[in-house]
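1. Any chance you could fold what I've pasted below:
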Amino acid sequence: MTDAATLKRQACDAIDAMSDELISISHEIHANPELAFREHKAAALLSGRVEKEGLSVTREAFGLETAYATEFGDKGPTVGILSEYDALPGIGHSCGHNIIATTGLGASLALAKLNGALPGRVRYLGTPAEEQGGGKELMAQEGAFDGLDAAMMVHPAGVDLATMPCICVSEVEVIYTGKSAHASAMPHAGLNALDALVTAYQSIAQLRQHIKPTERIHGIINEGGVAPNIVPDRASGVFYVRAAEAISLAALKARVQACFEAGALATGCTADIRWAKADYLDMKTSWPIAAAYEANARSLGRDFFPLDKMPSGSAGSTDMGNVSHRVPSIHPMIASAPPSVVIHNPEFARWAGGEMGDKACIDGAKSLAMTAIDFMMDPAMQEAAKVTFAETAENSARSVGAAYNPEGSIALGGCGCC
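-> You can find the predicted model right below:
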């Protein structure tokens, strides 16, 4: 059997040979940003490149129109490699998902080129709607991650990190309906929907004083009336509710729900409270696999920022967390811009489509491919990942059970990577 070092070198050589094409694909996705669930061009481009390699591709996979899947290999453990490719409203690929798309593609194609020497199986998945909607949770409900021994992806950032600090998030929209009336001549005939929303907003503001330091609630008013002299008969707002882990999130959601109900009760209005279909879970990093990724990335000249030096409270959310509570997973960050440039702003989009982003595409693909090979060929790593995952398996099962709301709205779903 070919040793790991040789296979890793072959995979890296394959990525170098494809580098111009991979960067071109990254630029094409970057130049054509598409929002969650609408990533038709990106999905066609990526899945078409997989098909060009002679691999069978399932499009509209696992219940999502812009998801795709392919699987190859005939022996050994199965590793899932993920691509994301949705963009942000108004600011395009300011989260660098063109890089995530390309790293997953490049790593998977390189492993496929090992042919019979591949020491395991690969399930390469195109996963839509990370920025909104919780696409991975929706795919998980259809079995996308069943049978995997590990899952991995890499995310752009301003620094290299072994993992992304994450907390859970749920999105909720509330719509109050009252009764309009002339605000001066007949205010007594109206039911003020804006008052209901303001009451709820103030209740949430008061609740913030009594929540844990790891919890967050923040929101905006979208609608508040049409004219000052008309009692508003409709008002709406959108809120994010965050907590360190799923059980705490569920408890906090119940308290926020009570605030919304209080607004309706105080004003006589009705409240339509719409929670997301998919909540985003915290990231349960598989440290045995993450250590291998860091070693491989360092071999390419990458320098990692210490996690314990990260500013307090600098945590985002991602639906990769939902995957990590089902299978041992990693979600490292790869420097694609200077440290002063943070994701989710227009400046980051410029770097994601520039030379530093291009280098991240190639280094990220190599690091993922090498880490997959390490995992496939190292029974000790496989066992360590399995054992450490099992240590909190009961909590993960509860978290997974709380993350999916069948009656929820697919139009909501948190705030990917933020």
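2. Residues touching stretch 371-385, excluding its own?
-> By CB atoms under 8 Å, 6 or more residues apart in numbering, the surrounding residues in contact with stretch 371-385 are 4, 7-8, 11, 76-77, 79, 81, 107, 111, 118-120, 122, 149-150, 152, 286, 288-289, 292-293, 296, 328, 330. Just so you know, the C-beta spots here come from the backbone N, C-alpha and C atoms, and that holds for glycine as well.
3. at 7 Å what do you get?
-> Defining contact as CB atoms under 7 Å, 6 or more residues apart in numbering, one finds that stretch 371-385 is touched by 4, 7-8, 11, 76-77, 79, 81, 107, 111, 119-120, 122, 149-150, 152, 286, 288-289, 292-293, 296, 328.
4. Assumed Ala235 was part of a strand.
-> Yes: checked against DSSP: H, G, I helix; E, B strand; the rest coil, Ala235 lies within a strand.
5. so it makes contact with Glu173?
-> No: the criterion here is CB atoms under 7 Å, and Ala235 misses it with Glu173 at 11.6 Å.
6. of these two, who's got more company?
-> Comparing Ala235 with Glu173 by neighbour count (other CB atoms under 10 Å), the higher total belongs to Ala235, at 27 against 18.
7. how about the more buried one, what does it touch?
-> So Ala235 contacts 176, 193-194, 196-197, 223-225 (CB under 7 Å, 6+ apart).
8. Tell me where the stretch 301-418 of the chain is predicted with low confidence.
-> For the stretch 301-418 of the chain, the stretches flagged by pLDDT under 70 are 312-314, 413-418.
9. in it, which spans are strands?
-> 329-330, 333-335 (DSSP state E, counting those that start in this stretch).
10. who's in contact with the shortest one?
-> To tie it back to what came earlier, the one meant is strand 329-330. Counting by CB under 7 Å, 6+ apart, 150-152, 163, 285-286, 289-290, 293, 320, 323 sit against strand 329-330.
11. Which ones among those lie within strands?
-> Among the contacts of strand 329-330, DSSP state E puts 150-152 in strands.
12. just checking, Glu131 touches Glu84?
-> No: here Glu131 lies out of contact with Glu84, judged by CB under 7 Å, at a distance of 8.4 Å.
13. Looking at the two, which has the bigger crowd around it?
-> For Glu131 versus Glu84, neighbours defined as other CB under 10 Å are more numerous around Glu84 (31 against 26).
14. Surely the more buried one and Ile100 touch.
-> Yes: using CB under 7 Å, Glu84 is in contact with Ile100, at 4.4 Å.
15. what helices or strands is the helix or strand hosting Gly104 leaning on?
-> Element membership for Gly104 (DSSP states H and E) is helix 97-112. When contacts are defined as 3 or more CB pairs under 7 Å, 6 or more residues apart in numbering; DSSP states H and E, helix 97-112 packs onto helix 4-31, helix 40-52, strand 78-83, strand 121-126, helix 355-377.
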